[in-house]
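# Could you look at this predicted model? Sequence included:
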Amino acid sequence: MYVINMWLDRVSDPVARSMWMIGSTSFAMIKPDAVQAGKVGAILARVQEAGFEIRALRMVRLSRVEAEAFYAVHQGRPFYAELVAFMCSGRAVAMVLEKADAVAAWRLAIGATDPAEAAPGTIRKLFAESKGRNAVHGSDSDETAAREVAFFFPERELALLDGPVAG
Ligand code: UDP
Ligand code: MG
């Protein structure tokens, strides 16, 4: 019992949880173009067929301020304004994915940013409309993944998903 309690404490401890997640977690998003085109189901099927476990998932609608913050790293780039407008143009699906070496594995599954350059069979090759409207997002490093997961999923929500039966 003591061991079980210790384990539960660790699962719900934010620092321990995020330590466990490093390396095996990527943030992913189905972008508004793919949601609008009715591709959520097809993309989720590929996520699971590719061996990712969906640890958390939520449909979201970004405000302009949130889209600006999410893509703050691209501020000043020529495509930034268009990217922000696109990302808050409709619903998106935010996800936490788990797999060994998740960041690299998810980027491999989605393919290059521009679908014209994406490998055959990748999600962007199959579902993206253009370099801007490219169906899905993937984190670019473990650090970014942790930041992006926290951007969309409060620690409490993640802990609840993995925690003991709620009372
Ligand atoms: N993007 C764009 N034009 C570009 C580069 C990027 O519209 O020339 C958009 C595209 O939606 C991309 C996002 O900005 O997914 C973020 O760019 P990044 O270079 O981080 O590509 P990603 O990591 O998504 O492959
Ligand atoms: Mg990127």
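On my side now, so go ahead. Ligands and ions are numbered 1, 2, ... in the order given.
# what's the burial count for Val165?
The local packing of Val165 (other CB atoms under 10 Å) involves 4 other residues. From N, CA and C alone the C-beta is placed, and that goes for glycine too.
# Look at it and give its secondary structure.
coil (DSSP: H, G, I helix; E, B strand; the rest coil).
# Begin at 515, not 1, for the rest of this chat.
Renumbered: residue one is now 515, and that last one reads Val679.
# so what's it up against?
Contact analysis of Val679 by CB atoms under 8 Å, 6 or more residues apart in numbering lists nothing.
# mind checking pLDDT for it?
Per-residue pLDDT puts Val679 at 83.
# How about the secondary structure of the residue nearest to the spatial centre of the chain?
The chain has Ala542 as the residue nearest its centroid, 1.7 Å off, counting by CA atoms, centre = their mean. For Ala542, the assignment made with three-state DSSP gives strand.
# Kindly report the same for Ser603.
coil.
# excluding its backbone neighbours, what's nearest it?
Pro546 (5.1 Å; CB to CB, 6 or more residues apart in numbering).
# so how far is Ala649 from the residue nearest to the centre of the chain?
Look at Ala542 and Ala649: by CB to CB, to the nearest Å, they are 11 Å apart.
# interface residues of this structure facing ligand 1?
Residues of the chain lying close to ligand 1 (CB under 6 Å from any ligand atom) are His588, Phe593, Leu597, Thr627, Lys645, Gly646, Asn648, His651, Asp654.
# Apply the buried test to those and list what passes.
Leu597, Gly646, Asn648, His651 (16 or more other CB atoms under 10 Å).
# Can you show me the helices along the protein?
516-526, 528-535, 546-550, 554-563, 578-584, 594-601, 616-624, 637-641, 656-666, 669-676 (DSSP state H).
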